[in-house]
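Chemist: Structure, please.
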Amino acid sequence: MRPQWLAGIAVITAACGPGIHPSTSSQPAPASSSPLVTSPSAPPTPTLPPGKEDSTSTPYPASVGPYVVDLSWVSDSMGWALAAVPCAGQLCPAVAETTDGGVTWQGLPSPSVAFYGPEPPPTADCQQVACVSHIRFATASIGYLFGPSLFMTVDGGQTWKEVTSPLVESLEAAGGDVFRVVYDTTGCPGPCNRTVQEAPAGSDAWQTLYQIPQGADLDTATLILEGESIYLPIYGDVAKGAEQTTLFRSLDGGQTWQRLGDPCAGATPPVDVAFAFAAASRGFLSVLCFPSGQPQGWAVLSSSDAGSTWGPRLPVPESSAGLLAAPSPGHLLIASPTGAGGGLATSTLSYSSDGGQSWSTAASDQVNLSLAPVGLSLWLGFEDVTTGRWVGDDRTIWTTTDGGTDWTSRSFAIG
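Modeler: Residues are numbered from 1 along each chain as shown. Next up is the predicted model:
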């Protein structure tokens, strides 16, 4: 299990039944939208603030929210949000669309599902009811709600249809195709028989690209797409210290695969472990390293040959460790978690234009943890090399149009 302090929500039912419960296991985030340049890394689930563990003791008035759970963009102006909205004192799922870059959001019909992120608490029976936790759109018309069930829309989210499918752990779209990681048991680590599959957007004819070898059944798997390159990190349990990440890589669209080691691991214990990856063009790949031993701190490594070799270990601001994005080679952004508990906290976004050698604060957001029942679903990703979004407070979306140097914020509201 990964640390319980970042990016996720607990079960929210469409019928406004059982509400928030603490998550006890995690699947990545991340992370997570479907940016064309870099997919948000999927981070662990937070522990909810005291008093949020049982929704019966914490009603959610209509004046609070809506809360951003996940984002997906197909252009700088067109995107979708999976959100949580107050509903009779509880929280209910909502899907919203923007066509003006997030200035306004319009509500869309939502399927009757339970959803959570990124892993259900013990009270969620996703073997009996359809559960989803993420949203991805491949085109302006074709989109998906998934994790672990799968729903598809072919009319821009006006209607959703449940698709017969193995359990879906990760799903990303690029170039008219959709890639997913599926498994055939109740959860990983397994054995859970993970498989990478591909289908044309809108099709249910999935083709198997790769069967993950046994022995790589670690905690969480997430897809990162960049051109013809597919990266599939399978993260271990950082709470165990030395449970290293396994990185699978295809440089030809999934036709052939290589298994690589954890680039953060040192020669002697205690070793650091890979916590998040981000990819950009021309084979640029970066990894955020979790410090399993002291006095080492968080660090970033970068590669210019798709992970075959790595540059030096570079420290990052401790206050910004969490999510990682790379809009273009050498340009990095790291977003911080806010922790748990009541009161105010600060979420920070740090930027580097020289591959992590120096850092500056790009933006910061003050979060009232007492009004964060969905657990602060942090999100960081880019639609292209210039336009990206950051969710530092789950009711605020920040936007950059210059590759990450300058950011502006806008409150998230559904019209």
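Chemist: Residue ranges in the stretch 301-415 of the chain under the pLDDT threshold?
Modeler: Applying pLDDT under 70 to the stretch 301-415 of the chain picks out residues 337-343, 368-377.
Chemist: what about the strands in it?
Modeler: 314-315, 323-328, 331-335, 344-352, 360-368, 379-382, 388-393, 396-400, 408-411 (DSSP state E, counting those that start in this stretch).
Chemist: I'd like those laid out as CSV, including mean neighbour count.
Modeler: Backbone N, C-alpha and C define where each C-beta goes, glycine included. CSV is the format used below for these (neighbours: other CB atoms under 10 Å):
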stretch, mean neighbour count
strand 314-315, 16
strand 323-328, 27
strand 331-335, 28
strand 344-352, 20
strand 360-368, 17
strand 379-382, 29
strand 388-393, 27
strand 396-400, 21
strand 408-411, 12
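Chemist: so which of these gets nearest residue 235?
Modeler: strand 323-328 (12.7 Å; CB to CB).
Chemist: May I have that closest one as PDB, with CA atoms only?
Modeler: Extracted in PDB, the C-alpha atoms of strand 323-328 (Å, rounded to 0.1, in the frame of the first residue of the first chain):
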ATOM      1  CA  LEU A 323       2.800  14.900  -8.800                       C
ATOM      2  CA  LEU A 324       5.200  15.200 -11.700                       C
ATOM      3  CA  ALA A 325       4.600  16.600 -15.200                       C
ATOM      4  CA  ALA A 326       7.000  17.300 -18.200                       C
ATOM      5  CA  PRO A 327       5.400  19.500 -20.800                       C
ATOM      6  CA  SER A 328       8.600  19.500 -22.900                       C
END
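Chemist: per-residue confidence at residue 35?
Modeler: Here the pLDDT value assigned to residue 35 is 37.
Chemist: about what we covered before: so which of the strands of the stretch 301-415 of the chain is nearest residue 175?
Modeler: Using CB to CB, those put strand 379-382 closest to residue 175, at 16.4 Å.
Chemist: And the closest one, how far out from the chain middle?
Modeler: Centroid separation for strand 379-382 versus its chain: 8 Å, with CA atoms, centre = their mean, to the nearest Å.
Chemist: same question, stretch 195-214
Modeler: 20 Å.
Chemist: How about it, which residues are buried there?
Modeler: 195, 196, 197, 198, 199, 201, 202, 206, 209, 210, 212 (16 or more other CB atoms under 10 Å).
Chemist: Report the separation between the first one and residue 148.
Modeler: What that stands for is residue 195. Distance of residue 195 to residue 148, computed by CB to CB, to the nearest Å: 14 Å.
Chemist: same check, this time on the last one
Modeler: For residue 212, the distance to residue 148 (CB to CB) stands at 16 Å.
Chemist: List the residues that contact residue 389.
Modeler: By CB atoms under 8 Å, 6 or more residues apart in numbering, the contact list for residue 389 reads 33, 71, 73, 79, 102, 379-383, 397-400.
Chemist: Which single one of those residues is nearest to residue 298?
Modeler: Closest approach to residue 298 among the contacts of residue 389 (CB to CB): residue 380, at 15.4 Å.
Chemist: What separation do you get for the closest one and residue 367?
Modeler: 15 Å.
Chemist: Same check on residue 305?
Modeler: Residue 305 is 38 Å from residue 367, by CB to CB.
Chemist: hmm, who's touching stretch 176-183?
Modeler: Stretch 176-183 has contacts (CB under 8 Å, 6+ apart) with 136, 138-139, 144, 146, 165-173, 190, 192-201, 206, 209, 221-223, 225, 230, 232, 254.
Chemist: Run through the helices of this protein in chain order.
Modeler: Counting by DSSP state H, one finds no helices in the chain.
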